[in-house]
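*Asks:* take a look and give me a structure for this.
(3 chains)
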Amino acid sequence: MLAREFYQRPTEVVARDLLGKLLVRIYAGGVTAVRLTEVEAYLGVEDPACHTFGGRRTRRTETMWGEAGHAYVYLVYGMHHCLNVVTVGPDRPEAVLVRGGVAVGGLDLIRERRGPKVAERSLADGPGKLCQALEVTRDHDGIDLCEPSSVLRICDDGLRVGEGAVKRTPRVGVDYAGEASGWPLRLVIDSRVFSSSADSTGF
DNA sequence: TCTAGGATCGGCT
DNA sequence: GCCGATCCTAGAT
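*Replies:* Presented below is the predicted three-dimensional model:
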């Protein structure tokens, strides 16, 4: 399990280092896990795309104003949840949006949540899908990812993601943010590198 | 109170 | 590629 210090670093560094890590969900029915392949950095009060831009502090965003290493979960479009991890520290309301990953553990349980017809690579390749796959809801807003008993945690299993494997692009769905919508704060790695047939070049 | 719009997804063309 | 679903949040009145 990643320690608090991991999250207390600059948001872009945390985002970069989250790629390849395991997001693990522990619940009554078992354990599921997703390896993270897509994240976005949201840089707080100076970032027009961020929920806390300009110092906005509301009931929804309260978790972002707290300690690093906690989960910030909110509802978008009235029906999908989005999971973020809070970074930096108190009164620096920044976060990394977890946009997608590859299901690697508890596949049967994930399929129960996502449906039997969904292609394996599509089980968690979007922020809403990932939350559905791991049964993450607003009930988890504010939980501590560093607490040993936490039902949601992020682990390092030793996989190393080489710099050459990381692609940087503008963030998705933030056209309203003007110039900031073009900032290259979305980080992705090719999920195919995790298939058994791929070689490990670049890692 | 009221209202506009959203850090998405899946089905249909 | 387009479009509707669906409801909460934030900001305005």
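
*Asks:* ranges for the strands of chain A?
*Replies:* Here chain A has its strands, by DSSP state E, at A:22-27, A:30-42, A:71-76, A:80-89, A:92-105, A:152-155, A:166-169, A:186-189.

*Asks:* make TSV out of these and add distance to DNA strand C, mean neighbour count and mean pLDDT.
*Replies:* All C-beta spots, glycine's among them, are computed from the backbone N, C-alpha and C. Below are the strands of chain A laid out as TSV (distance: least, C-beta to the nearest atom of the strand, whole Å; neighbours: other C-beta atoms under 10 Å; pLDDT from 0 to 100):
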stretch	distance to DNA strand C	mean neighbour count	mean pLDDT
strand A:22-27	22	20	96
strand A:30-42	14	23	97
strand A:71-76	5	19	97
strand A:80-89	8	22	96
strand A:92-105	11	24	97
strand A:152-155	19	19	98
strand A:166-169	16	14	96
strand A:186-189	18	22	97
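
*Asks:* just put the ones you listed in CSV and tack on distance to residue A:134.
*Replies:* As requested, those are exported to CSV (distance: least, C-beta to C-beta, whole Å):
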stretch, distance to residue A:134
strand A:22-27, 4
strand A:30-42, 6
strand A:71-76, 11
strand A:80-89, 8
strand A:92-105, 9
strand A:152-155, 8
strand A:166-169, 23
strand A:186-189, 19
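
*Asks:* wait, which of these is closest to residue A:146?
*Replies:* strand A:152-155 (7.8 Å; C-beta to C-beta).

*Asks:* for chain A, which residues are neighbours of DNA strand B?
*Replies:* A:40, A:42, A:49-51, A:75-80, A:82, A:84, A:95, A:97, A:114, A:118, A:122, A:126-130, A:132, A:171-174, A:176 (C-beta under 7 Å from any atom of the strand).

*Asks:* wait, residue A:54 touches residue A:45, no?
*Replies:* Yes. Between residue A:54 and residue A:45 there is a contact at 6.1 Å, judged by C-beta atoms under 8 Å.

*Asks:* same drill for the two, tell me which one is more crowded.
*Replies:* residue A:45 (15 against 11; other C-beta atoms under 10 Å).

*Asks:* any idea of the pLDDT on the closest residue to the more buried one other than its chain neighbours?
*Replies:* Leaving aside its chain neighbours, residue A:45 sits nearest to residue A:55 (5.1 Å; criterion: C-beta to C-beta, 6 or more residues apart in numbering). The model reports residue A:55 with a pLDDT of 96.
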